[in-house]
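Participant: Sequence and predicted model, in that order:
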Amino acid sequence: MEKTWRWFGPNDKITLEMLRQIGVEGIVTALHHIPNGEVWTLDEVMKMKNYIEERGLRWSVVESLPVAESIKYGGSDRDGLIERYKESLANLGKAGVRTVCYNFMPVLDWARTDLDYQNADGTTNLYFNLAEFAYFDIHILGREGADADYGADTLARMDAEVTPRMDADARRRLVENIIVKTQGFVNGNISENDLQPVEKFRSLLELYKGIDADTLRANMAYFLNAIMPVCREYNINMCVHPDDPPMPILGLPRIVTCDDDIEAFLNAVPDPHNGLTFCAGSLSAGAHNDVTELARKYAARTHFVHARICRVLPDGDFRESSHLDPRLIDVIRTFERECPDVPMRVDHAPLMLGDGEMGYNAGYSFHGRMLALGMVSGIMATIDSEQK
Ligand code: DNO
């Protein structure tokens, strides 16, 4: 696999010069300064490409070219937005950037309740506490009918362990973690500057009233069918990121959560340019998924790999596991053998050795990711040597 790294542009505190020193071969980035729904001009694309190449690296993957909400819920302006998306794709194609990651999650991209969960060894990591998430849904958002979406055990845990410690400060932190800090830098629905994030979030949820999984699926197929001619012309591989976590949340449908879902969207648009980002971490956050099996089954339609893995706990919480977790080693073996050139980046590594003071985007530490990349590189080298 090609060793890549998610880099957030020239203002990222982690520079391309640093990345060359730690064995990174390709860059994963986006034109973060262009608002969702606007065209990425050839000029802007070339500026980014040249910046990266002048520093001895290549732009391997776009993560993400975001899909506007209206394309997802099927708003009246979706055709115009799809035309703009096609223009951006064509400009990327002209520049020779041919792997494009996106997601089709309504409103909320990935979800975590805690960004500084204390590990036993003194590092911290991301964590999803189902009872805290239920508290956010029921007591902060106040979503109608939310109670019915959680099991009795989770509700009892929420009442006993979460509600009593939710003072104003803890509530504010939970809102920040779930809808601000994890979201602002990835899709821009809510940013750090929003004074009333919860109100804004409620109005975004409103857009999906009456949109069920089948409608969302049809809207995804509509979008993919519309962009495939451009992808064929420029040989662009689209790769959807699985839903994180892989299940419906906050009353919103989610449609890239499991084996059947993956099969359905691949079959709905059976073109090799319609593919998957194999995020082992997102898929493993659902106890229903066997990631090692899924990797074997979908390697041929995978255009990008996210190397990380989660452990689901008995109460429905999940946490990030080590990059040396045997399941991840198995996934890496599959891709290293079946798709030797596919770009791969490590993801969601711990905060360690001063990372916590650097203000990195949640999940994107330097030392933690460097250590993870070292681990994954070692696994890959071992697999390569076994094959000789
Ligand atoms: C989180 C990321 C996601 C991912 C998008 C792709 O850390 O893995 O935000 O970039 O879902 O569109």
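Facilitator: Looks like it arrived, so ask away.
Participant: Just read off the phi/psi values of residue 60.
Facilitator: In terms of degrees, to the nearest 10, the main-chain angles of residue 60 are phi -90, psi -40.
Participant: Let me know how buried it is, in neighbour terms.
Facilitator: 25 (other Cβ atoms under 10 Å). For glycine as for every other residue, the C-beta is placed from the backbone atoms N, C-alpha and C.
Participant: how many other residues sit next to the residue lying closest to it once chain neighbours are set aside?
Facilitator: Among residues not flanking residue 60 along the chain, residue 26 sits closest, at 3.1 Å (Cβ to Cβ, 6 or more residues apart in numbering). The tally of other residues near residue 26 (other Cβ under 10 Å) stands at 19.
Participant: next one: the one 4 residues further on
Facilitator: When neighbours are defined as other Cβ under 10 Å, residue 30 has 22 of them.
Participant: residue contacts, it?
Facilitator: 9, 62, 63, 64, 65, 66 (Cβ atoms under 8 Å, 6 or more residues apart in numbering).
Participant: possible to save those residues as TSV with pLDDT, distance to the ligand and neighbour count?
Facilitator: TSV is the format used below for the contacts of residue 30 (pLDDT from 0 to 100; distance: Cβ to the nearest ligand atom, whole Å; neighbours: other Cβ atoms under 10 Å):
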residue	pLDDT	distance to the ligand	neighbour count
9	97	14	14
62	98	10	26
63	98	5	25
64	95	3	21
65	97	8	21
66	96	7	20
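Participant: Counting only strands, which of those residues make the cut?
Facilitator: Using DSSP state E, the members of those that fall within strands are 62, 63.
Participant: I'd like the distance between residue 304 and residue 195.
Facilitator: 36 Å (Cβ to Cβ, to the nearest Å).
Participant: who has more neighbours, the two?
Facilitator: Between residue 304 and residue 195, counted using other Cβ under 10 Å, the more crowded position is residue 304 (30 against 6).
Participant: The more buried one pairs with what?
Facilitator: Beta-bridge partners recorded for residue 304 (DSSP bridges): residue 277.
Participant: can I assume it is in contact with residue 278?
Facilitator: Yes. With contact defined as Cβ atoms under 8 Å, residue 304 counts as touching residue 278 (7.3 Å).
Participant: near the ligand, which residues of the stretch 151-300 of the chain?
Facilitator: Applying Cβ under 6 Å from any ligand atom, we find that the stretch 151-300 of the chain lies next to the ligand at 186, 241.
Participant: redo that, cut-off 8 Å
Facilitator: Contact residues, the stretch 151-300 of the chain versus the ligand (Cβ under 8 Å from any ligand atom): 182, 186, 187, 240, 241, 244, 277, 279, 281, 282.
Participant: Just among those, which is most surrounded?
Facilitator: residue 279 (30 neighbours).
Participant: wait, what's in contact with the residue nearest to it when sequence neighbours are not counted?
Facilitator: Nearest non-adjacent residue to residue 279, counting by Cβ to Cβ, 6+ apart: residue 306, 3.8 Å away. In this structure, residue 306 makes contact with 241, 277, 278, 279, 280, 281, 282, 344, 345, 346, 347, judged by Cβ under 8 Å, 6+ apart.
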